[in-house]
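A.B. asks: what's the 3D shape of this:
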Amino acid sequence: MKYYIIAGERSGDLHASNLVRALLRLRPATRFRGFGGDAMKEAGVEVVIHYDRLAFMGFEAVLNFYKIARYMAACKRDIRAYAPDALILVDYGGFNRQMATFGKKHEIPVFYYIPPKVWAWRQSRAWQLKRTVTRMFVILPFEKDFFGKYDMPVAYVGNPVLDAIRAFQPDPFFGEKVPIPNGRPLVALLPGSRKMELQRMVPLMAEVAKKYPDVHFGVAAVRNLPSTLYAPLHGNANVFFVFDATYDLLTRAHAAIVTSGTATLETALFKVPQVVVYKAGWIEYAIARRVVKVPFISLVNLIAGKLVVQELIQDQADAHHVGHELGQLLAAGNYRDKMKDAYNELYDTLNVGSASENTARLIEDYWRNREGATPL
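C.D. replies: Prediction:
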């Protein structure tokens, strides 16, 4: 069996690598080639293009349209030359929707793991996915109902973030490696992993840190971005940086300030009270207000179907509002307790087994059914 697998971002690389390992456990001789990153390479994928050449967001993607188009053309040529039995697409909607269309055109089965969030905006794109995707594997419970309305072959497989957290082994020496004073609360700062996110969120987080000199702040930083992006936080005596150890940081944190995204769900699953912050460019925000079809921006609130964590967006994403919310999160009492109770409900909703194992088994079932054999 030969698969061509495509992931265009850091999180997709991780989830794709786990899926590859699960598929190899079912068919050890399976071969993989595609676009991805180091995690996929370690799992056994022959990576043609690294995702760091593809990770653009918002207007960055518009500005880099021709560069992305060149990579897309190269990907199509490579797929044709490799002649896979199927495409496996992991997240990265703008790029992978085009690859799904390409696969359909060339009669290659298309498996989409973590499909685009078309339920949030541009819902008409669900029709394109219906035409081009052979099997869809979703990681948010409400997505099954959404795509089911379009009569698509869709399965809810669980959430890979929960898989990663369950598999996580805390570093027993983490407390010795970072300056965490005893008796002082620790707040995790998760500003994101993209350049534009850091440009917008780091100055805000620095302002909040200055408002709480008696609180220690740990920054979940990434090494593949220029250190200058973290400059506003440098020099603050109550701020330290943690590289590639976000989960260790969350195991110690009393509260967190989190840029909207997957990190909101990770923080919730570590039972850390949080406030979600987000700023977009004004043009982006004006467009989003017109087209976004969901009431929340954080995965925590979307999955819960109610307001569990505060979302401070645009004008409200300032030091005054965020600082006030942080004060409530740090204070012992009902506010923190209610949030943690909601986190427990969230965990139960997502706890349906390993997402990668469930997806691999369903992919294998597809082939066995095609071959007329009894499914595993």
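A.B. asks: and the next element down the chain from the helix-or-strand element of the chain with minimal mean pLDDT?
C.D. replies: Across the helices and strands of the chain, mean pLDDT, DSSP states H and E gives its lowest value to helix 59-63, namely a mean of 47. Going down the chain from helix 59-63, the next helix or strand is helix 65-82, by DSSP states H and E.
A.B. asks: now the element after that following helix, going C-ward?
C.D. replies: Trace forward from helix 65-82 with DSSP H and E and the next one is strand 86-90.
A.B. asks: around the closest residue to I79 other than its chain neighbours, how many other residues sit close by?
C.D. replies: Distances taken as C-beta to C-beta, 6 or more residues apart in numbering put Y4 closest to I79, at 5.3 Å, once the chain neighbours are dropped. Where C-beta positions appear, they are placed from N, C-alpha and C, glycine not excepted. By the criterion of other C-beta atoms under 10 Å, Y4 has 26 neighbours.
A.B. asks: sec struct for Y4, please.
C.D. replies: strand (DSSP: H, G, I helix; E, B strand; the rest coil).
A.B. asks: contact partners for Y71?
C.D. replies: F35, I49, R53, L54, F95 (C-beta atoms under 8 Å, 6 or more residues apart in numbering).
A.B. asks: of those, which is the most crowded?
C.D. replies: The most neighbours, when the contacts of Y71 are compared by other C-beta under 10 Å, belong to F35, which has 31 neighbours.
A.B. asks: return the member of the contacts of Y71 nearest to M196.
C.D. replies: L54 (15.1 Å; C-beta to C-beta).
A.B. asks: next one, pLDDT for that closest one please.
C.D. replies: We have a pLDDT of 69 for L54.
A.B. asks: got any ranges where this structure has weak pLDDT?
C.D. replies: Within the chain, the ranges that satisfy pLDDT under 70 run 54-66, 281-294, 371-376.
A.B. asks: which non-adjacent residue is nearest the most centrally placed residue in the chain?
C.D. replies: The residue lying closest to the centre of the chain (C-alpha atoms, centre = their mean) is T262, at 4.0 Å. Once flanking residues are discounted, T262 sits nearest to S11: 5.6 Å by C-beta to C-beta, 6+ apart.
A.B. asks: tell me the buried residues in the helix or strand hosting A360?
C.D. replies: Here A360, judged by DSSP H and E, is contained in helix 355-370. By neighbour count on 16 or more other C-beta atoms under 10 Å, the buried set for helix 355-370 is 355-367.
A.B. asks: ok, the residues you listed vs V239, which is closest?
C.D. replies: A355 (34.5 Å).
A.B. asks: coming back round to it: which element is the residue nearest to T262 on?
C.D. replies: helix 10-26.
A.B. asks: any idea of the angle whatever helix or strand comes next after that helix forms with helix 10-26?
C.D. replies: Following helix 10-26 in sequence order, the next helix or strand is strand 31-36 (DSSP H and E). Counting by axes from the mean of the first three to the mean of the last three C-alpha atoms, to 10 degrees, strand 31-36 lies at 180 degrees to helix 10-26.
A.B. asks: if anything else comes up later, I'll come back, but that's it for now.
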